[in-house]
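Participant: how would this look folded up:
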Amino acid sequence: MSYKSQQYSRRQLLSKGVDSSLGFMLLPQMSIWGKGSTLRERTSLLALVTTSVSTTVRETPITAIIHFTSKPNQVEALVAQLNQALPSARKAPGCRYAKLYIVADTPSKIVLCKGWDGRQAQDQYLKWEQSSGRLAKLLALVEGEPMVEYWDFQAM
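Facilitator: Numbers count the residues shown, from 1 in each chain. As a prediction, this is how the structure comes out:
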């Protein structure tokens, strides 16, 4: 399906799964990014909270994409927990945005997108989530281990 052949309003794009504020579209099993985006790193959420924050991290704006798969019959509880966490994430130092998506064809797959001033800001927030107990509550509702991707945007 091509979105270039016709002009769509923001509402029409959102109804088709396109979030124009982030410049990408979520479709089952894939993300489509604009030119210049590069995947810097992919790691597990648990690996992130067990490592210390590096002081040599390159401080460029990033987008952290966290992929969750809900345990059976826990989709609503997981979405509720994530929605409850979004306001504090948005207020965290260095957070530019935080948005939650549910994959339309697979509601048990949930994607959390957070924009940060740099990797250290995201790592510090993640450490706070772990120390507050919020992360443990989320992980209790998740099947397997959440996967985290870090994306850099390269202006063209």
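
Participant: Contacts only, for residue 108.
Facilitator: 69, 70, 72, 75, 143 (C-beta atoms under 8 Å, 6 or more residues apart in numbering). Quick note: C-beta positions are derived from backbone N, CA and C, even for glycine.

Participant: Filter the residues you listed down to the buried ones, ChimeraX style.
Facilitator: Command for ChimeraX that selects the buried part of the contacts of residue 108, burial taken from 16 or more other C-beta atoms under 10 Å:
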select :69,70,75
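
Participant: Pull out the buried positions in stretch 118-132.
Facilitator: Counting neighbours by 16+ other C-beta under 10 Å, stretch 118-132 gives 119, 120, 121, 122, 123, 124, 125, 126, 129, 130 as buried.

Participant: Equivalent analysis for stretch 85-99, please.
Facilitator: Result for stretch 85-99 [16+ other C-beta under 10 Å]: buried residues 85, 86, 89, 92, 94, 95, 98.

Participant: tell me the mean pLDDT for it?
Facilitator: Mean pLDDT, computed over stretch 85-99, is 95.

Participant: send the alpha carbons of the helix or strand where residue 126 lies over as PDB?
Facilitator: Secondary structure assignment for residue 126, by DSSP states H and E: helix 119-132. Taking C-alpha atoms only, helix 119-132 is exported to PDB below (Å, rounded to 0.1, in the frame of the first residue of the first chain):
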ATOM      1  CA  ARG A 119      21.400   7.200  25.700                       C
ATOM      2  CA  GLN A 120      22.400   8.200  29.300                       C
ATOM      3  CA  ALA A 121      19.000   9.800  29.900                       C
ATOM      4  CA  GLN A 122      17.200   6.700  28.800                       C
ATOM      5  CA  ASP A 123      19.500   4.400  30.900                       C
ATOM      6  CA  GLN A 124      19.000   6.600  34.000                       C
ATOM      7  CA  TYR A 125      15.300   6.400  33.600                       C
ATOM      8  CA  LEU A 126      15.400   2.600  33.100                       C
ATOM      9  CA  LYS A 127      17.500   2.300  36.300                       C
ATOM     10  CA  TRP A 128      14.800   4.300  38.100                       C
ATOM     11  CA  GLU A 129      12.100   2.100  36.800                       C
ATOM     12  CA  GLN A 130      13.900  -0.900  38.100                       C
ATOM     13  CA  SER A 131      14.600   0.600  41.600                       C
ATOM     14  CA  SER A 132      10.900   1.700  41.900                       C
END
